[in-house]
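Sharing a sequence plus its predicted fold:
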Amino acid sequence: MKLERSSGVLLHITSLPSKYGIGDFGSDAFRFIDFLVETKQKLWQILPLTTINCPSPYSSESSFGGNPWLISPEKLIEMNLLSFDELNLLIDSSKFHNDFVNFKDFEGISWNEWPQSLRHHDRLALENIRQNNQNQFEYHLFVQYIFDKQWNELKRYANERKIQIIGDMAMYIDYNSVDVWANSNLFQLDSNTMKPIVVSGFPGDEKYDIQIWNQPIYKWNDETIRNDLFQWWIKRIEKSLSMYDILRLDHFRGFIQHYVIPLDENTSKPITSNAHWMNTPGYELFTAVKKSLGENISIIVEDIGSATTEVFQLRDDFQFYGIRILQMGFYSYPDNMYSPHNYIPNSIAYTGTHDNATTIEWWSNIATREEKDLFMEYIRRPFFSQNESIDGLEKYISWYFIQMVLQSSSNGSIILMQDLLNINVRMNYPGKESSMEKSEPQNWSWRFQWSQLTSNIRSELTRLTQIYGRNLLYGKSIPPKDMIMKDDTSFLHK
């Protein structure tokens, strides 16, 4: 992957303004692209677009089905919907994922409670269901066609204006999903009940409790199905790369080792005392991926969260881009790999992500006094140190962060939309539940308003983008030839 010096904004589709329940592929999405062009940005990072079981875009119901909630009602009015030729294409369901359409026919019932023949994906039983529910089958097929059509129109509009879309892919899949049902042999399930025997998660530390993600774990180390598992991953990555210009892989740590939480066989409750790490064949997987999809695949990896030497080595050996979170840059000094002076060109610098506090929240409620002092030392002007003060910095802290990631040597820099607006509204508090039944503000519910995006914000973003050379024509790059990827593992041994 080669990424020219560029910058952009992290904003999920659902956080766009809309007169409907959530942001969608309608006129406001196109208007946001116009804003990116106006301010000289080149990147728009979003979260997963797959169908979901709850408000989280990471609660994937299918790796191949698009989330119909993102379809724009306004665009449906504008569209003549189908021509005769397109209707024939729609009937040819090979363009879409048959398993997804079959699964949607039984929506609302966990697949392990279906009749045995359907639970085990019997082709004859599935064909009978399709014949008996032809209208419903074609409806779900039609919805996926509209999703595909509207998304491609939006992406084409962005690409024509030199905006690249950075998409996202979760590491795990929900249990009650198309993928687990249609590929149950690839997951660690009980052979009788078809329920998970282990689930995914992440260990706790001195600050946070153990995270229990409750998603089934792949049979990574079962040699008898490894080829099938790798082929499923290849198809999944290929599908995502066909939708986005650049793909971000969530929880990259899991491709070196995955955290296993056993479940009690009687109660199905997690046995956290027996949770442990197990090795993952990440090298073998990505070797197979590149052999199938080519060497030059555009992938960013979330290489944070108990990162190890092996994680960085896997990233570098396959020439993936890592990430740098600026909020992590001030707990030690000066050899902290997340401090801006240690950023490398083959990385993406972030003011924050959807899982982080906004910059204002970090400064006001999370950063320690030591971190604030180190930050002040970092930005202090020569010869004027006596007059510098932490007091009152909250008003400007987001713009300090924006300036730092833009001026860094990372080839890519991404600004969290809340930081650009200088507001304190989180997109997600990890581990905090959200529900489709609730109407009050909760995880994943935030949306911005156009009135917040003032002319001052637009002009300042444009100015900083130009000052730090992130609006160069494609094909140009600021880092000299000697600024190559360097070994992050040295930071782990300080």
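Cool, got the structure. Numbering: from 1, shown residues only.

List the contacts of the residue most central in space within the chain.
Taking C-alpha atoms, centre = their mean, the centroid of the chain lies closest to D168, which sits 3.1 Å from it. D168 makes contacts with Q45, I46, L47, P48, P57, L247, R248, D250, as judged by C-beta atoms under 8 Å, 6 or more residues apart in numbering. For every residue, glycine as well, the C-beta is placed using N, CA and C.

Out of these, which is nearest to Y172?
If you rank these by distance to Y172 using C-beta to C-beta, D250 comes first, at 8.8 Å.

Could you check how far the nearest residue in space to N185 that is not next to it in sequence is from S184?
Leaving aside its chain neighbours, N185 sits nearest to I225 (5.8 Å; criterion: C-beta to C-beta, 6 or more residues apart in numbering). Distance of I225 to S184, given as C-beta to C-beta, to the nearest Å: 11 Å.

Let me see the ranges of the strands in this structure.
For the chain, applying DSSP state E gives strands covering 6-10, 43-45, 164-169, 198-202, 211-216, 246-249, 257-262, 276-279, 299-301, 322-325, 347-350, 412-416.

just checking, which of the ones you listed comes out with the lowest mean pLDDT?
Set side by side, the strands of the chain differ in mean pLDDT, and strand 211-216 is lowest with a mean of 92.

how about stretch 222-237: buried residues?
In terms of neighbour count (16 or more other C-beta atoms under 10 Å), stretch 222-237 has its buried residues at I225, R226, L229, F230, W232, W233, I234, R236, I237.

Kindly report the same for stretch 282-302.
Within stretch 282-302, the residues that count as buried by 16+ other C-beta under 10 Å are G282, L285, F286, A288, V289, K290, I297, S298, I299, I300, V301, E302.

which one among the residues you listed gets closest to Q215?
Sorting these by distance to Q215 puts E302 at the head of the list, at 16.3 Å, by C-beta to C-beta.

hmm, which of the contacts of D168 are the buried ones?
For those, a burial check counting by 16+ other C-beta under 10 Å picks out Q45, I46, L47, P48, P57, L247, R248, D250.

For the residues you listed, work out which two are farthest apart.
Across those (C-beta to C-beta), the longest gap, 14.5 Å, separates P57 and L247.

just the helices in the stretch 51-200 of the chain please.
With helices called from DSSP state H, counting those that start in this stretch, the stretch 51-200 of the chain shows them at 73-78, 84-91, 98-104, 116-119, 123-132, 134-160, 178-182.

Mind giving me the packing neighbours of the first one?
Helices and strands in packing contact with helix 73-78 are listed as helix 134-160; criterion 3 or more C-beta pairs under 8 Å, 6 or more residues apart in numbering; DSSP states H and E.

And the contacts of stretch 274-289?
If you take C-beta under 8 Å, 6+ apart as the criterion, stretch 274-289 is touched by 201, 203, 210, 220-221, 226, 230, 233-234, 237, 254-262, 297, 314, 317-318.

7 Å instead, please
Applying C-beta atoms under 7 Å, 6 or more residues apart in numbering, the set of residues contacting stretch 274-289 from outside is 201, 203, 210, 220, 230, 233-234, 237, 254-262, 314, 318.

Tabulate the CA atom coordinates of stretch 252-268 in CSV.
Coordinates of the C-alpha atoms in stretch 252-268 are reproduced here as CSV (Å, rounded to 0.1, in the frame of the first residue of the first chain):
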residue,chain,number,x,y,z
PHE,A,252,-5.1,-6.5,14.6
ARG,A,253,-3.7,-8.0,17.8
GLY,A,254,-6.1,-10.8,17.2
PHE,A,255,-4.2,-12.0,14.1
ILE,A,256,-1.2,-12.8,16.3
GLN,A,257,-3.0,-14.1,19.3
HIS,A,258,-6.8,-14.2,20.1
TYR,A,259,-8.3,-14.0,23.6
VAL,A,260,-10.4,-17.0,24.5
ILE,A,261,-13.1,-16.9,27.2
PRO,A,262,-14.6,-20.4,27.9
LEU,A,263,-18.4,-20.7,28.5
ASP,A,264,-19.9,-22.9,31.2
GLU,A,265,-21.5,-25.9,29.4
ASN,A,266,-24.6,-25.8,31.5
THR,A,267,-25.3,-22.0,32.0
SER,A,268,-23.4,-20.6,29.0
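
May I see the buried residues of it?
Counting neighbours by 16+ other C-beta under 10 Å, the buried set in stretch 252-268 is F252, R253, G254, F255, I256, Q257, H258, Y259, V260, I261, P262, L263.

wait, doesn't the first one sit right on F312?
Yep, that's F252 we're talking about. No. When contacts are counted by C-beta atoms under 7 Å, F252 is not listed as touching F312 (9.8 Å).

tell me, what's touching the two both at once?
Overlap of the contact sets of F252 and F312 (by C-beta under 7 Å, 6+ apart) consists of D303.

Below-threshold pLDDT in the stretch 1-150 of the chain: ranges please.
For the stretch 1-150 of the chain, the stretches flagged by pLDDT under 70 are 80-108.

Quick check: the gap between W44 and N53.
The gap separating W44 from N53 is 26 Å, by C-beta to C-beta.

Settle it for me: which of the two has more neighbours?
Regarding W44 and N53, a neighbour count based on other C-beta atoms under 10 Å identifies W44 as having more, with 25 against 13.

so who does Q418 touch?
Contact criterion C-beta under 7 Å, 6+ apart gives T358, V425 as the residues in contact with Q418.

go again using 10 Å as the cut-off
Q418 is in contact with 10-11, 15, 351-352, 354, 356-361, 398, 424-427, 446, 448, 452, counting by C-beta atoms under 10 Å, 6 or more residues apart in numbering.

cool, F252 as well?
With contact set as C-beta under 10 Å, 6+ apart, F252 has these partners: 171, 282, 299-305, 307, 311-312, 314-315, 320, 322-323.

Now with 6 Å, please.
Going by C-beta atoms under 6 Å, 6 or more residues apart in numbering, F252 touches V301, E302, D303.

Could you dump the residues you listed into TSV with distance to Y20 added?
Rendered in TSV, the data for these read as follows (distance: C-beta to C-beta, whole Å):
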residue	distance to Y20
V301	34
E302	31
D303	37
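
and of these, the nearest to M194?
Within the contacts of F252, the smallest distance to M194 is 30.5 Å, found for E302 (C-beta to C-beta).

Between the strands of the chain, which one is closest to F64.
strand 164-169 (11.7 Å).

what's the spacing between that closest one and its chain's center?
Its chain's average C-alpha position is 7 Å from that of strand 164-169, according to C-alpha atoms, centre = their mean, to the nearest Å.

so that strand versus helix 134-160, what angle?
Computed with axes from the mean of the first three to the mean of the last three C-alpha atoms, to 10 degrees, the direction of strand 164-169 lies at 140 degrees from that of helix 134-160.

circling back to that earlier point, so for T462, which of the helices of the stretch 51-200 of the chain sits nearest?
Closest to T462 of the helices of the stretch 51-200 of the chain is helix 134-160 (C-beta to C-beta; 18.3 Å).
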